[in-house]
Every structure is written in C-alpha cells, then in structure tokens.
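Undergrad: the following comprises the amino acid sequence and a computationally predicted model.
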Amino acid sequence: MPADRISLHPRALRVLARVGALAAMLWLAPAQAVDAPPAGEIAPTVAADPRLEADVQELAHKLRCLVCQNQSIAESNAPLALDLRNQVREQLAAGRSKQDVIDYLVARYGDFVLYEPPLKGITLLLWGGPSALLLAGIGWLAYRVRRRAVESAALTALSEAEHARAQALLAGGAPGDAPQSSANRESRS
Amino acid sequence: MKAKFLVPLFLFLGLAGFLAFGLTLNPREVPSPLIDKPAPAFSLARVDDPAQQFSLADMRGKVWLLNVWASWCVACRQEHPVLVDLARRNLVPVVGLNYKEVRGDGQLDARGMALDAETGLAVERARRWLGEHGNPYTLSVLDIDGRVGIDFGVYGVPETFLIDGNGKIRYKHIGPITPENLQQVILPKVEEVRRAG
C-alpha cells in the first residue's frame, strides 16, 4: 500500500516538470536579431490631468513592449515603449476611447501587443489548456483513488477459511490447530 | 501494460520534441497584421531635398521595397551591402524610411531640440552615412519622430516591406536582409507580386 501511495508523487512531479518546461519554452529566446533603437534616458512625459494619466497607465500596463517582450509598455523604458505610451496618451487626450487605442495598436502590431490574448479559435488551447490539464489531473486522481480502494478491499478481505482460523486463534487455539498454525507462521516468515 | 515503464521515456521524448521545435522559432519575429492590407499613407520630407515631400501614392503602379534604416542602427550596416548590390542589379526600387535619425540615437540627447534643427541634423547625418556606405535607395524620407514607423508596425531597425502596385503590403522582412534572404525569399516574392498584379 505505501508503495502505491508514493507512486503518486513522481507522476505529479512529471506533470509539474512538463508544465514548467512548457513555461520555460515560452521565454527561452534565441539571440536578438533585430537592432532595437538604443535606450536613451528620455524624461517620461506625463499628462497634466491625473485622471487621464491614470487611464494612460492602466492601458499601458495591458500593452506589451515589442522590443523587451516580457515588459509592458508602462514598465519598459525602450524608446519604442516611450513612443507607444505617448501615442496612447495623445489619443486618449484627443477623446478616443480605450478600445479605440487598443484597436489602433492591434491593427499595427497584432494581438501580440496585448498581454491578455483575445479568446478565439487559435487561442482556445491557450485559454482552455490549464483547466483541461487540471480536470484531467483530477479525473486521473479520482480514478487512482477508486481503484486503490477496490484493490485494498480485495487484499484485506478474509476468506471464510482464514476467518475461521482467526476465530480459532483468538479463542486460544485448539490442540489440533497448533501444528498447522506454526507451519503457517514459518511459511510466512 | 508490461511496457508501462516506457511511459516517462515517451513523455520525455514528446517534451524534447516540443523544445527542439521551439528552438527553431524566433520569438522576436512578430508576424505583422498588415500583410495584404493597404500600406498606411504617409507624406514625409525627402533626405535629398527636405523641401520636397514623398508620399505613398507616388509609388502607385510599382512594386517596391520600403526599407527602414538609420545611421545609428548597427544591423543596417550589415545589411547595407546587400541593398547596394540589389540597387546595382536594378531589380526592384528601394525607398528608404530613415527612422528617428536623431532622437533614436542613444548617444545623442535630442531633448528640447527644435524640430527644424533636428530635421537639419537628421538630413546631414543621413547624407553623410549614405555617402560613406553607398546609397542604394531611389530616395529616402525622414521619419523624424517615428510615427510613420508606428503606423507600419515597426519595432526595430532594420525592417523591410514589400509593397505592390495597389499600395498593399505583401511581405515584411524583420531584421537585416542577408544575400540568402534576398535570393531565396524576397526576389521570388517580388516576381510573384509582379505576376499577380
């Protein structure tokens, strides 16, 4: 029984390792091929209206910087991120809605600029994958637990003969039973 | 069921396969959503004569390349001989989009610089660079603040767009063009677009 219980862990670990490796795959990037404009220390411009600036920041946090791909354009100080922040600020200041600005950038850079990819055919696996994995894991676990319960029930259940002998042993052991039980003990050791 | 011990091996092989495939991809190449869409219209000052404007409509009816470059861009230096060679062979006109010549240069502080002064400096720098390395461009235009670059979805220099006679973007090359890229991908695409339109 204990062996069976331990066997759960390596499998869980393997699943974890696989998920981890997939995650690693997403950011392990070959050397940079494109020359990004060198990062200059340009003072960030800020909108005078704090409400507008809050909107700009909120939107900027949802947009990916194309140069340093693991940062949003709010976090990145790459020149392109600065330019894009300025675009966002300008367009919002001009009275465009947040969705307009998002559409503007998606039309130019594709869904890749969105940190939250839209739900559509090609991203179904991306969105559904984690829950599918979780459900599969739960299903597999339930199956194992149920099977183990059945197996252990079969192992621990005593046959009628065993039952009778146990009764006899508990009752002090009849003389006629003694040789048989000692033989039995030897065979078990 | 006897081969159950092989399951981890197959899991590993599957994973290794995914990882190996991942290594062949370049995550820095973001596919452009502008392919087969009309190129964004622009009208910009020319490097050879900043008083004159060049606009997208001027190239109507021609299949041409728009190459994004800057004198501060190191990878452009690598690609430049390929463009010069292409120009010598006279196969397809190449228009240069000089991207943020002054403010894109990290070694230069362009803050507070007046636009006129910046344009003057950009023209001077661009001309000097073309003089040193050769000028493969039919003409180059100045994208001083990088706005046209954003319209084209430029996120690094160099980038090259293939534009057809109807002003549609048909192909985008990200990063420096190598002689192999030119022969095996770009020139065949040019031919294909010419035949189609």
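TA: All right, it came through fine. Residues are numbered from 1 along each chain as shown, chains lettered A, B, ... in the order given.
Undergrad: and the biggest helix by length in chain A, what's buried?
TA: Of all the segments of type helix in chain A, defined by DSSP state H, the longest one is helix A:124-156. For helix A:124-156, a neighbour-count test (16 or more other Cβ atoms under 10 Å in any protein chain shown) marks nothing as buried. Placement of C-beta: from N, CA and C, glycine included.
Undergrad: count of neighbours near residue 91?
TA: As the question left the chain open, I've gone with chain A. Applying other Cβ atoms under 10 Å in any protein chain shown, we find 18 residues neighbouring A:Q91.
Undergrad: the chain in question should be chain B.
TA: What B:L91 shows, counting by other Cβ under 10 Å, is a neighbour count of 15.
Undergrad: then it would be within a helix, right?
TA: No - using DSSP: H, G, I helix; E, B strand; the rest coil, the assignment for B:L91 is coil, not a helix.
Undergrad: which helix or strand contains the nearest residue to it once chain neighbours are set aside?
TA: In this structure, B:L91 finds its nearest non-sequential neighbour in B:L187, 6.5 Å apart by Cβ to Cβ, 6 or more residues apart in numbering or on different chains. For B:L187, the host element (DSSP states H and E) is helix B:187-196.
Undergrad: identify the residue of chain B closest to chain A, quick one.
TA: Closest contact between chain B and chain A, by Cβ to the nearest Cβ, is at B:G106 (2.8 Å).
Undergrad: backbone torsions only: list them for the spatially most central residue of chain B.
TA: The structure's chain B has its C-alpha centroid closest to B:E159; by Cα atoms, centre = their mean the separation is 1.6 Å. Main-chain dihedrals, B:E159, degrees, to the nearest 10: phi -140, psi 150.
Undergrad: can you check B:D143 too?
TA: The phi/psi pair for B:D143 (degrees, to the nearest 10) is phi -110, psi 80.
Undergrad: same deal with A:D103?
TA: Dihedral angles (degrees, to the nearest 10) for A:D103: phi -60, psi -40.
Undergrad: now do the same for the residue of chain B closest to chain A: its pLDDT.
TA: On pLDDT, B:G106 comes in at 84.
Undergrad: how near is it to B:R125?
TA: Using Cβ to Cβ, to the nearest Å, B:G106 is found at 14 Å from B:R125.
Undergrad: chain B: helices as residue ranges?
TA: B:7-24, B:74-89, B:115-133, B:147-151, B:179-181, B:187-196.
Undergrad: wait, which of the ones you listed is closest to A:V88?
TA: Closest approach to A:V88 among the helices of chain B is made by helix B:147-151 (11.0 Å; Cβ to Cβ).
Undergrad: residues of the closest one that come out buried?
TA: B:R147, B:V148, B:G149, B:I150, B:D151.
Undergrad: near chain A, list only the ones from those.
TA: The subset of the buried residues of helix B:147-151 within reach of chain A, counting by Cβ under 8 Å from any Cβ of the partner chain, consists of B:I150, B:D151.
Undergrad: next, format the buried residues of helix B:147-151 as a markdown table and append pLDDT.
TA: Converted to a markdown table, the buried residues of helix B:147-151 look like this (pLDDT from 0 to 100):
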| residue | pLDDT |
| --- | --- |
| B:R147 | 93 |
| B:V148 | 96 |
| B:G149 | 95 |
| B:I150 | 94 |
| B:D151 | 94 |
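Undergrad: dump the buried residues of helix B:147-151 to a markdown table, plus distance to B:A196.
TA: Putting the buried residues of helix B:147-151 into a markdown table (distance: Cβ to Cβ, whole Å) gives the following:
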| residue | distance to B:A196 |
| --- | --- |
| B:R147 | 31 |
| B:V148 | 26 |
| B:G149 | 27 |
| B:I150 | 29 |
| B:D151 | 25 |
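Undergrad: closest one of the buried residues of helix B:147-151 to B:W69?
TA: Using Cβ to Cβ, those come closest to B:W69 at B:G149, 11.1 Å.
Undergrad: on that earlier part again, how about the longest helix of chain A and chain B, touching?
TA: No - figure legend: helix A:124-156 not in contact with chain B (Cβ under 8 Å from any Cβ); closest approach 12.8 Å.
Undergrad: thank you kindly, that will do.
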